[in-house]
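A.B. asks: sequence and predicted structure, then a few things I'm wondering about:
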Amino acid sequence: MAIKGIREYDAKRMLADFLKAGSVGKCSYDGKVALITPETDFGSLEKVNPWLAEEKLVAKPDQLFGKRGKHGLLLIDADWKGVQKWVKERMNKGTKVGEIEGMLTHFLVEPFTPHAEDEEWYVAIRDERENDVIYFSTKGGIFVEENWDKVKHIKVPILGGIDKVDLDSELADVGSKKSEVVAFVKALYNFYAENGFSYLEINPFTFDKSGGIVPLDMVAKVDDTAAFDCRNTWSGLEFPKAFGSTSSKEEEYVKYLDEQSGASLKLTILNPTGRVWTMVAGGGASVIYSDTVCDIGFSKELANYGEYSGDPSRELTYEYAKTLLDLMTREKDPNGKFLLIGGGIANFTDVAKTFTGIIQALTEYKKKLIDHNIKIYVRRGGPNYKEGLTKMRALGDTLGLPIEVYGPETHMTKIVSLALK
Amino acid sequence: MNPAEIFSKDTVSIVYGYQQNAIQRMLDFDAACGRERPSVAAIVNPSRAGLHKVFFGRNEILLPMYKTLKEATEKHSDADVIVNFSSQRSAFPTTMEALENPNIRTVAVIAEGVPERKARILAATAKSKGKWIIGPATVGGLKAGCFKIGNTAGTIDNIIESKLHRPGSVGFVSKSGGLSNECYNIIARNTDGLYEGIAIGGDSYPGSTLLEHILRYEQIPEVKMIAALGEIGGTEELKIVDALKEGKIKKPLVIWVTGTCSKMFPAGVQFGHAGAKADSALETADAKNEALNKAGAVVPESFDDYGAAIKGAYDKLVTDGVIKPAEEISVPNFPMDYNQAVKEGRIRKPSQFICTISNEKGEELLYNGVPISEVINEGYGIGGVIGLLWFKKNLPDFARKFLDIVLMLTADHGPAVSGAHNAIVAARANKDIISSLVSGLLTIGPRFGGAIDGAAQGFKAAVESGMTPEEYIVSMKKKGVNIQGIGHRVKSVTNPDMRVTLLKKFVKETFKETKLLDYALEVEAITTQKKGNLILNVDGCIGITFVDLLWSLPDLFSKKEVDEIIDMGCLNALFVVGRSMGIFGHIFDQKRLKQPLYRTPYDEIAYMSDE
């Protein structure tokens, strides 16, 4: 559950559909956008989008990063053949964007819209607790940030919405295209509010010869918990990884487990060769364990951030634990490693049950745990904690593994210093 | 009640969602607190109305259950708290409904994953009405000795351990539900205990904020000091900084913002809570801790020192005479939950039933130890299943087939026989199919269908006693009893019953042992000399060949087992299973034909009362 960036292609596609469905005549957008992926067949793409062969085009990577012009990744005023060549030269190639290395895999193509420099408007919308904020400027384009004081802030109350705002007077000095701009801003707000967005930015937008809206560059983030409410308008929507993201197979697997259940499972690998591994219950407690490891001076050795919570089943906990144990027993460290099985005092998570899953995984990895000289520290409380802790202690004896076990009488993060100091 | 208070010892709530554990835990807390009235007035269960039985202390009580919130609030107008367990999809409409209700002042929203826009609408709506929302994405919170939301603070042991059954002097608020329980423990160990604790939930837009609860504690005289936990991400803690600077918080505030490790992490790690991600330098834990410290809050060095910082602030208040430590109140001795005791291996009890034929508790359903997948894939058929469930044997193929044949042969014998007749009459009285079936089956006994069993028992006893067929016939005649399994109304030697012919053929071809059939045929040879229709009938043939089947499988069935199977009435059971198919056929036939109520015509009845 989080705020996730979406492709410019999807944002524009959804905007075009939205404006078509609720067209009030005043603002329309032809939605001519196409996405090229490594699997795209140019011929079929052209069949679906005949305008590709008829118009002058713009092409750019569509992978959640901006400033594409600055990074030399913007093709303007090209024909379809030129676009194909340009994309082929860059597809599946490693590229450095700022500090980040990544692979270019997705390209957006749309018609090239020549326009006057003074016909570039800026609009963005984001949320605050009690209202949304519309940011608007008649001086759109790359210099918006420098001229931020000229950007108008319009607050739209969460109760009441855009109808409570007098856009006509808020946008009084927009100039000749005022009525079109006002109509579009209003429509864009409704698009934002009704489709689970938490951030939208069009910088800039302009108008084509027939008066249609042209969003030249668009950034959008959605709140993925709105997926059910927005299941119709979000159909086909992808949540791409950040450019250059190197999330591993294991992280993807835990994400999959997380999405499959009502419980919560998280895993981020920070340093695969790190010596300190954490398997902590609870979204809040897991952060504190990481804090404590860093406080003691082991931030470089901290291998992962993760948590499990929300009363996961025995099977789920087993899968999660196995994934972690597999990762931590890949490379040996001459100084040995630490596994911190931590957690606060649970409210309703059944400690004995979740520990059964962890114990099953530990039992399976017995030999590797001994080979890698892994010391295990446990701290936990909550429903059936006594049973869970007793099982953990017994496991240490039967497997011949060094396992130290503590309950609620010991401070939550004490095992961190016990292990590392 | 002080308007800053949300809960009191008299607070009663309505629980939305049939959360049996949470409800029991709330009532256990109530009993530990010595509440006279349970804190749950009613339950809303959209799928069922009625009553729910729970323990209140040692006694069981009934809680009313309604299908709608409207009905529950109408019937229990003194309940002003809703503990809303509805799912992420329905949390919004149900909470809005609760907020619109004039009786309701506080709604705790437990669901995780409520869309942010909806959470913001809930928060703004509550604010506009002067109401409170705790959550979403929270376990809730509790007021020590008064009221507990849902699963907060877990089981009764923990509640007593953390002294939550009586009020102390510390007000606590955090985002995390799990950590709040941890902190109740820390507070119990370092002070005279918790006064109230709230977990606002880990989302970006909680219905009520850390600051709102801190300011509320500020207005409650019994709260002498405040403890809080903040988190990386968001600007909520900076509002606390502002409030400190403006002098709105005068009581000692011990606060720690977690997530100091984020500076060591690559940008963009999303921690467990949705809101836990710093989007700017101001939102980092270090920046917030420093700002809070500068503004006058007590900020420990790390979470390790959080307890010590709380103790320091508390001890000072005691020294200064601000706090007179709360008295310890003993908790009534609490009976252990049966399930818990079983789990911990503390008690044992003899079971009431034994079952040796099937087990549905494992990964896969087992019939006498054979997984259902094997039953289907290996083609056990009905005969094979009967073998597993009735005899607890894995029958060979010919035995399975024999049972299949028996079921087919006994499936129906026309509408005139008593079973079918009764079922037809019942079906025409528009009775349901089960009643109609049973009215037919109930005629099965010594005169109808029972001959199978009788023939098997009679012939088997005769053979085992060593009588010759001749002697058997004579002995039966002496007793004046007809030989069961011999004789047919219309069929005869010259007009044989096809069913018997088929069965005999199958048995002769496949059975190792046909001793009883051979014996019966010798009997038949004698009886048919007397009268052409005294043939081995189908009932007799089934009963007799069934005994031969068991005798053909000496490795599977011992003599004792064979006797047991015959004595238990398995043959009658076979007839019942077979004939049920036909009876259902007649019932459906009548229903399809829309036949009216049957009434026996007068001329079928001889009225011969004495007048």
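C.D. replies: Arrived safely. Fair warning: this is a prediction, and the values are worked out from it, not measured in the lab.

A.B. asks: and for residue 202, nearest residue in space, chain neighbours not counted?
C.D. replies: In the absence of a named chain, this looks at chain A. A:Pro215 (4.6 Å; Cβ to Cβ, 6 or more residues apart in numbering or on different chains). All C-beta spots, glycine's among them, are computed from the backbone N, C-alpha and C.

A.B. asks: my bad, chain B
C.D. replies: B:His273 is the one closest to B:Gly202 (Cβ to Cβ, 6+ apart), at 3.0 Å.

A.B. asks: picking that back up, the residue nearest to A:Ile202 bridge partners, please.
C.D. replies: A:Phe205 (DSSP bridges).

A.B. asks: and for the one 4 residues further on?
C.D. replies: Per DSSP bridges, the residues bridged to A:Val219 are A:Glu201.

A.B. asks: which residues are in contact with it?
C.D. replies: By Cβ atoms under 8 Å, 6 or more residues apart in numbering or on different chains, the residues touching A:Val219 are A:Gly5, A:Glu8, A:Ala11, A:Gly66, A:Tyr199, A:Leu200, A:Glu201, A:Ile202, A:Asn203.

A.B. asks: let's verify the fifth one: helix, strand, or coil?
C.D. replies: Using DSSP: H, G, I helix; E, B strand; the rest coil as the criterion, the local structure at A:Tyr199 reads strand.

A.B. asks: what's the helix or strand for the residue nearest to B:Gly202?
C.D. replies: Assigned by DSSP states H and E, B:His273 falls within no helix or strand.

A.B. asks: do B:Gly197 as well
C.D. replies: Going by DSSP H and E, B:Gly197 is in strand B:194-199.

A.B. asks: what's across from the closest residue to B:Asn181 other than its chain neighbours in the sheet?
C.D. replies: Ranked by Cβ to Cβ, 6+ apart and with sequence neighbours excluded, the top spatial neighbour of B:Asn181 is A:Ile345, at 4.7 Å. Applying DSSP bridges to A:Ile345 gives these bridge partners: A:Gly381.

A.B. asks: what strands line up against the strand holding B:Gly197, and which way round?
C.D. replies: strand B:141-143 (antiparallel), strand B:170-174 (parallel).

A.B. asks: including mean pLDDT and mean neighbour count, could the ones you listed go into TSV?
C.D. replies: As requested, those are exported to TSV (pLDDT from 0 to 100; neighbours: other Cβ atoms under 10 Å in any protein chain shown):
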stretch	mean pLDDT	mean neighbour count
strand B:141-143	97	26
strand B:170-174	98	29
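
A.B. asks: indicate which one of those is closest to A:Lys60.
C.D. replies: strand B:170-174 (44.5 Å; Cβ to Cβ).

A.B. asks: show me the contact partners of the closest one.
C.D. replies: With Cβ under 8 Å, 6+ apart, strand B:170-174 has contacts from A:284, B:180, B:183-184, B:187, B:191-200, B:210, B:213-214, B:217, B:220, B:223-230, B:310, B:314.

A.B. asks: pull out the buried residues from stretch B:314-328.
C.D. replies: B:Tyr314, B:Leu317, B:Ile323, B:Ala326 (16 or more other Cβ atoms under 10 Å in any protein chain shown).

A.B. asks: so what's the residue nearest to B:Gly202 up against?
C.D. replies: Neighbouring residues of B:His273 by Cβ under 8 Å, 6+ apart: A:Gly283, A:Gly284, B:Ala137, B:Lys175, B:Ser176, B:Gly202, B:Asp203, B:Glu231, B:Gly233.

A.B. asks: go with 7 Å
C.D. replies: The neighbours of B:His273, taking Cβ atoms under 7 Å, 6 or more residues apart in numbering or on different chains as the test, are A:Gly283, A:Gly284, B:Lys175, B:Ser176, B:Gly202, B:Glu231.

A.B. asks: where's B:Gly345 relative to chain A, distance?
C.D. replies: 9 Å (Cβ to the nearest Cβ, to the nearest Å).

A.B. asks: need the three-state assignment for that residue.
C.D. replies: coil.

A.B. asks: before we move on, the earlier item: the residue nearest to B:Asn181 contacts A:Tyr406, doesn't it?
C.D. replies: No - taking contacts as Cβ atoms under 7 Å, A:Ile345 lies outside contact range of A:Tyr406: 11.9 Å.

A.B. asks: ok, residues contacting stretch A:110-128?
C.D. replies: A:32-33, A:51, A:55-58, A:76-77, A:132-138, A:140-141, A:144, A:151, A:181, A:185, A:188-189, A:192, A:198-208, A:214, B:116.

A.B. asks: kindly report the same for stretch A:252-262.
C.D. replies: A:Ser264, A:Leu265, A:Lys266, A:Leu267, A:Gly310, A:Pro312, A:Leu316, A:Glu319, A:Tyr320, A:Thr323.

A.B. asks: so for it, what gets flagged as buried?
C.D. replies: Buried residues in stretch A:252-262 (16+ other Cβ under 10 Å): A:Val254, A:Leu257, A:Asp258.

A.B. asks: okay, it in PDB with CA atoms only?
C.D. replies: In PDB, the C-alpha atoms belonging to stretch A:252-262 read as follows (Å, rounded to 0.1, in the frame of the first residue of the first chain):
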ATOM      1  CA  GLU A 252       9.700  -9.400  -5.900                       C
ATOM      2  CA  TYR A 253       8.600 -12.800  -4.400                       C
ATOM      3  CA  VAL A 254       8.000 -11.200  -0.900                       C
ATOM      4  CA  LYS A 255       6.000  -8.400  -2.700                       C
ATOM      5  CA  TYR A 256       4.000 -11.100  -4.400                       C
ATOM      6  CA  LEU A 257       3.400 -12.900  -1.000                       C
ATOM      7  CA  ASP A 258       2.400  -9.500   0.500                       C
ATOM      8  CA  GLU A 259      -0.200  -8.900  -2.300                       C
ATOM      9  CA  GLN A 260      -1.600 -12.400  -1.900                       C
ATOM     10  CA  SER A 261      -2.700 -12.100   1.700                       C
ATOM     11  CA  GLY A 262      -4.300  -9.700   4.100                       C
END
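
A.B. asks: for that stretch, what is the distance to the chain centroid?
C.D. replies: 15 Å (Cα atoms, centre = their mean, to the nearest Å).

A.B. asks: give me the pLDDT value at residue 261.
C.D. replies: You didn't pick a chain, so chain A it is. pLDDT for A:Ser261: 83.

A.B. asks: switch to chain B, that's the one I care about
C.D. replies: So B:Cys261 comes in at 90 (pLDDT).

A.B. asks: burial measure for the residue nearest to B:Asn181, as a count.
C.D. replies: Other residues near A:Ile345 come to 29 when the count uses other Cβ atoms under 10 Å in any protein chain shown.

A.B. asks: just B:Val438 next, same as before
C.D. replies: Neighbours of B:Val438 (other Cβ under 10 Å): 16.

A.B. asks: quick one on the thing from earlier: would you mind giving the strands paired with strand B:194-199 as TSV with distance to B:Gln19 added?
C.D. replies: Shown next, in TSV, are the strands paired with strand B:194-199 (distance: least, Cβ to Cβ, whole Å):
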stretch	distance to B:Gln19
strand B:141-143	16
strand B:170-174	23
